[in-house]
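generate a structure from the sequence data that follows.
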Amino acid sequence: YLENLISDRKLIAHCSMRLDILYFIGYDIDEELPWHSTISRTRQLFPESVFEEVFTTVLEKCIDKGMVSGHTQAIDSAPVKANASMDTLELKVPEEELEEHLKKIRAISSIDKQAPHRKSKNNKSDKGGRSITASNKEWTYYI
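The predicted structure is shown next:
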């Protein structure tokens, strides 16, 4: 949301370049992220309310722990000599409100549901590989 990304492809490309995100999701620097289609398919498995609840819960936990205050963003960096001034820093704010951002994503997602960008070749996985194996009790624990 803060990076104004509405494309799954751009999201994966962005995450692969951010050490803080890789660390947060448990990936090593040289480990490949899932294909962008994995995100699209996962989004189709669950209702939007599940993702909003997870986002809200994680955000609340970050706020409770003092990681997010609503006015400052921390960025992973490396010390590099530069001729820069603190006076030239600019405030970074999202281009639009969260609801407007979600509307765009919903529109793109609905287009994908109607006609996927590319059809997969023959799916050779067994039914167990294409379905969720966690019990309701396990899902309830995480959600």
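
how about K65, phi and psi?
phi -90, psi 0 (degrees, to the nearest 10).

ok, how many other residues are close to it?
8 (other C-beta atoms under 10 Å). For glycine as for every other residue, the C-beta is placed from the backbone atoms N, C-alpha and C.

do D8 as well
When neighbours are counted by other C-beta under 10 Å, D8 comes out with 22.

give me the number of residues near the closest residue to it other than its chain neighbours?
Nearest residue to D8, sequence neighbours excluded (C-beta to C-beta, 6 or more residues apart in numbering): H36, at 4.0 Å. Using other C-beta under 10 Å, H36 has 16 other residues around it.

so H36 sits right up against I12, yeah?
Yes: using C-beta atoms under 8 Å, H36 makes contact with I12 at a distance of 4.8 Å.

who touches both of these two?
Between them, H36 and I12 share no contacting residue under C-beta atoms under 8 Å, 6 or more residues apart in numbering.

this protein: helices as residue ranges?
8-16, 19-25, 36-45, 48-64, 98-114, 136-142 (DSSP state H).

figure out which of those is closest to M86.
helix 19-25 (22.0 Å; C-beta to C-beta).

quick check: buried residues in the closest one?
Buried residues in helix 19-25, counted by 16 or more other C-beta atoms under 10 Å: L22.

now do stretch 87-105: distance from first to last residue.
36 Å (C-alpha to C-alpha, to the nearest Å).
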